[in-house]
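In: Give me a 3D structure for the following:
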Amino acid sequence: MEVNNSIRTEYTPQKRSERKSKSAGEDDFLARMSQVLAQEEEKNISEENPLLTTEDMMRFIRERKQEIYDKVRKGETEVKIRIGACEYTEKEWDKLMESFDEAEDEIREQIREAREQQRKAGEQLALREKDDEKETEEALIKKLLVDRDKDKEIL
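Out: Prediction:
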């Protein structure tokens, strides 16, 4: 299936106001305004996304290569190991593990303290129950004695 690309027509719809005939002065003014607006737009784009020249890119690459070379010569490079979605050097990994161990130790300490508080609360509850039992026994004995005394008086 062949496509005929030889004939191209461009159609741009015009607004009603553009369909009316314009004088030569209006055409020049509109043309100049569109040029000024286009230049301003290009200027804004270049300020937002400055394009680097080939020389700038090559200089950047050269500086980065020199930086890496200096690090390798001085022995300042470290192997990074990928773990999941992250990469860690040995120093970073050790630091991460230390912070994890510290957090884990804090949690263990909190659990130990909570268990100690529960144990103390259980002991206090047991003591209260024991005291309540003693008081109940004493009250029962007193009541029995009072009842016995009343029985003796009746007889």
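In: tell me which element residue 37 falls in.
Out: Per DSSP states H and E, residue 37 falls inside helix 24-48.
In: what about this protein, any weak spots by pLDDT?
Out: Along the chain, segments meeting pLDDT under 70 span 1-27, 41-51, 155.
In: residue boundaries of the helices in it?
Out: Taking DSSP state H as the test, the helices found in the chain are 16-19, 24-48, 54-74, 90-154.
In: so which of those helices gets nearest residue 82?
Out: Comparing the helices of the chain against residue 82 with CB to CB, the closest turns out to be helix 90-154 (11.5 Å). For the C-beta atoms, the positions are set from N, CA and C on the backbone; glycine is no exception.
In: Next, count neighbours for residue 125.
Out: Neighbours of residue 125 under the rule other CB atoms under 10 Å: 10.
In: Give me the distance between it and residue 105.
Out: Going from residue 125 to residue 105 by CB to CB, to the nearest Å gives 30 Å.
In: With residue 87 instead?
Out: The value you get for residue 87 to residue 105, if CB to CB is used, is 27 Å.
In: Residue 135 now?
Out: Distance from residue 135 to residue 105, by CB to CB: 45 Å.
In: okay, now residue 148: neighbour count?
Out: Considering only other CB under 10 Å, residue 148 is surrounded by 10 other residues.
In: With residue 92 instead?
Out: Applying other CB under 10 Å, we find 14 other residues in the vicinity of residue 92.
In: just residue 34 next, same as before
Out: By other CB under 10 Å, the residues close to residue 34 number 10.
In: just residue 89 next, same as before
Out: Counted with other CB under 10 Å, residue 89 comes out at 13.
In: This completes my enquiry, with thanks.
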